[in-house]
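> got a predicted model here, sequence first, then my questions.
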Amino acid sequence: MNFVEELRWRGMLHDIMPGTEELLNKGMVSGYIGFDPTADSLHVGSLAQIMTLIHFQLAGHKPFALVGGATGMVGDPSGKSAERNLLNEEDLQHNLNGIKGQLERFLDFSDASNSAEMVNNFDWFKEYNFLDFIRDVGKHITVNYMMAKDSVKNRINGDTGMSFTEFSYQLVQGYDFYYLWKNRNCALQMGGSDQWGNIVTGTELVRRKGRGEAFALTTQLIKKADGTKFGKSEGGNIWLDAAKTSPYKFYQFWLNTSDDDAKTYIRIFTLFDKTTIEAMEAEHDAAPHLRTLQKALAKDITLRVHGETEYIKAIKSTEFLFGNTGIDFLSELNDEEVLAIFSGVPNFTVDKAELEAGIPVTDLLAAKTAIFPSKGEAKKMIQGGGVAINKEKAGTPDDIYNAGNLINNKYLVVQKGKRNYFLIIAE
RNA sequence: GGGGGGAUACCAGAGCGGUCAAAUGGGGCGGACUGUAAAUCCGCUGCUUCGGCUACGAAGGUUCGAAUCCUUCUCCCCCCA
């Protein structure tokens, strides 16, 4: 199956420039996707783009991952209602290194003819001076053309305005495409559907400045069935970096996908083929409470991102925390085993002597640990029935916990809501 | 340069001398139901040693009492030039 058909049946394709598919069918094509270095790790939102590159490479084409050292310094106005904060060079470099390391895990960088490559647009922009740029590049694109882009129009018609810096963004990104087309024989840029305008500025530049032809393909932005934003959980982003989002939490994120979304995501985020996916769906629909799809999805992605060891740990934690095993099960484990189960769970240490004297719950949860930001909040949630300690609901905010409540004479297991676990270690 | 309007909690937005820790909606969090789903319903959404304390752009002032009135400052928007 060719690349475009692959994206199509998976529901990933959003828009494609005429002629693109024909070009791809003729033979190996080099194509690229840009990644934003706004943080030192990619998050699940970028995963769809990574998958696009994986499919691209599997179809025999040569993928480039561009990390936007230069574009990151300017800031993309697409989808942003306000001016971006600029990153300094140092932070940017730090972020680039982090992202680079992650991308290397997903694509094949071996010596194959279609081996993946990583490029940084800072390399060709750092020496490019302003006057040369506006003469050589700016000359080819009219302001009228640039203003017609939705990303620009929205900002000009809105009330936040837009700086010249952000306005020039599309030229900078457009030049990336031109550069890669000219020097690396790169004929296709891909990206999320919000990138269409920027990508097309690139193909336009190739046409006008290079008198050549370049192509564009965009993918669907990931949405959740209920309309809320994809990729967030309990307020935070879900990162690919294990230090930012533990593999356990990562696994949980996917496991908690709704039925509707799971059907979409299994196509986008896994490489299972069509018949396999349809069979999984049928199985899921026959017994939805077993959550076959969610489990397959969470497993596949966690394996790809974190590897087998971390996946197994995540499963073990999940089985203990959400399975039928009572809290007594913990007392059969040694310290090492307990910590393994709670490895992805935030943990806090309290002084054992203090606990022996007895600590009121609210102090325990808000002052001695950071499970709650304030005692008032801890109190309210206890009253609302949202807190459990050692799998038993905390009764009143005045309860006092002492050494007698410890499991193995050492641990307290705290639940905030049903799904958020914390481990308190007394020592 | 001239004239007008505005700044309220995470966001939007009411309040225009006490009854305001501040309506309402959204968001967030939690509970019930369930399948760690969706939908639905319900509760919470400034801190606290539970006495109070700090809050309505900033600083002063009037008043027994200010988010509300006055003065100055900062920022934003609109119209005219």
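That came through, no problem.

> spatially nearest residue to A:Asn97, not counting backbone neighbours?
Using CB to CB, 6 or more residues apart in numbering and skipping residues adjacent in sequence, the residue nearest A:Asn97 is A:Asp40, 7.4 Å away. For glycine as for every other residue, the C-beta is placed from the backbone atoms N, C-alpha and C.

> hmm, that neighbour is touching A:His94, no?
Yes. Using CB atoms under 8 Å, A:Asp40 makes contact with A:His94 at a distance of 5.6 Å.

> what does chain A have sitting close to RNA strand B?
A:159, A:161, A:225-226, A:228, A:233-235, A:252, A:255-260, A:288-289, A:291, A:294, A:318, A:321-322, A:362, A:366, A:373-377, A:379-381, A:384-386, A:416-420 (CB under 7 Å from any atom of the strand).

> any stretches of the stretch 151-300 of chain A with poor pLDDT?
For the stretch 151-300 of chain A, the stretches with pLDDT under 70 are A:156-161, A:234-235.

> from A:Arg267, how far out is the closest residue to RNA strand B within it?
Here the residue of the stretch 151-300 of chain A nearest RNA strand B is A:Ser258; by CB to the nearest atom of the strand that distance is 2.7 Å. Computed as CB to CB, to the nearest Å, the A:Ser258 to A:Arg267 distance reads 15 Å.

> swap in A:Pro397?
Distance of A:Pro397 to A:Arg267, given as CB to CB: 47 Å.

> returning to what we had before: between A:Asp40 and A:His94, which has more neighbouring residues?
The neighbour count for A:Asp40 versus A:His94, taken as other CB atoms under 10 Å, is higher for A:Asp40 (20 against 14).

> quick one: residues contacting the more buried one.
A:Asp40 sits next to A:94-95, A:97-99, A:241 when contact means CB atoms under 8 Å, 6 or more residues apart in numbering.

> can you lay out these as TSV showing secondary structure?
Formatted as TSV, the contacts of A:Asp40 follow (DSSP: H, G, I helix; E, B strand; the rest coil):
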residue	secondary structure
A:His94	helix
A:Asn95	helix
A:Asn97	helix
A:Gly98	helix
A:Ile99	helix
A:Asp241	coil
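
> just the buried ones from those, in PyMOL syntax?
Selection of buried members from the contacts of A:Asp40 for PyMOL, criterion 16 or more other CB atoms under 10 Å:
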select buried, chain A and resi 95+98+99+241
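
> tell me the one among the contacts of A:Asp40 nearest to RNA strand B.
Nearest to RNA strand B among the contacts of A:Asp40 is A:Asp241, at 20.6 Å by CB to the nearest atom of the strand.

> check contacts around that closest one.
Taking CB under 8 Å, 6+ apart, we find A:Asp241 in contact with A:40-41, A:98, A:102.

> kindly report the same for A:Asn2.
Going by CB under 8 Å, 6+ apart, the list of residues near A:Asn2 reads A:21, A:24-25, A:59.

> go again using 7 Å as the cut-off
A:24-25, A:59 (CB atoms under 7 Å, 6 or more residues apart in numbering).

> can you count the residues close to the closest residue to A:Asp259 other than its chain neighbours?
Closest residue in space to A:Asp259, ignoring its immediate chain neighbours: A:Pro288 at 6.1 Å, by CB to CB, 6+ apart. A:Pro288: 13 surrounding residues under other CB under 10 Å.

> ok, A:Pro397 next?
For A:Pro397, using other CB under 10 Å, the count is 18.

> now A:Ala216
Burial of A:Ala216 is recorded as 23 neighbouring residues (other CB under 10 Å).

> check which element follows the helix or strand harbouring it along the chain.
Applying DSSP states H and E as the criterion places A:Ala216 in strand A:215-219. Counting by DSSP H and E, the next helix or strand C-terminal to strand A:215-219 is strand A:232-233.

> give the partner strands of that following strand in its sheet and their orientations.
Using DSSP bridges, the strands paired with strand A:232-233 are strand A:236-237 (antiparallel).

> return the distance of the partner strand from the chain's centre.
With CA atoms, centre = their mean, to the nearest Å as the basis, strand A:236-237 stands 9 Å off its chain's centre.

> which residues touch it?
Residues outside strand A:236-237 that contact it (CB under 7 Å, 6+ apart) are A:43, A:231.

> at 6 Å instead, please
A:His43 (CB atoms under 6 Å, 6 or more residues apart in numbering).

> mind giving me the packing neighbours of the helix or strand that that strand is followed by?
Next helix or strand after strand A:236-237 toward the C-terminus (DSSP H and E): helix A:247-255. Using 3 or more CB pairs under 6 Å, 6 or more residues apart in numbering; DSSP states H and E, the elements in contact with helix A:247-255 are helix A:292-306, helix A:308-322.

> and the residue with the largest distance to the centre of chain A, what's its pLDDT?
The centre of chain A is farthest from one residue, A:Ala357, which by CA atoms, centre = their mean lies 44.5 Å away. What the model reports for A:Ala357 is a pLDDT of 89.

> try the one 3 residues further on
Note for A:Pro360: predicted pLDDT of 91.

> relative to A:Phe372, how far out is the closest residue to it other than its chain neighbours?
Using CB to CB, 6+ apart and skipping residues adjacent in sequence, the residue nearest A:Pro360 is A:Ile400, 5.4 Å away. Using CB to CB, we find A:Ile400 at a distance of 17 Å from A:Phe372.

> can you pull out the strands in the stretch 51-200 of chain A?
Counting by DSSP state E, counting those that start in this stretch, residue ranges of the strands within the stretch 51-200 of chain A are A:62-67, A:117-120, A:186-192.

> could you redo those as CSV and give each row mean neighbour count and distance to A:Val143?
Shown next, in CSV, are these (neighbours: other CB atoms under 10 Å; distance: least, CB to CB, whole Å):
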stretch, mean neighbour count, distance to A:Val143
strand A:62-67, 24, 26
strand A:117-120, 18, 28
strand A:186-192, 25, 22
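
> got those as a markdown table, with distance to A:Gln173 columns?
Shown next, in a markdown table, are those (distance: least, CB to CB, whole Å):
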| stretch | distance to A:Gln173 |
| --- | --- |
| strand A:62-67 | 9 |
| strand A:117-120 | 13 |
| strand A:186-192 | 9 |
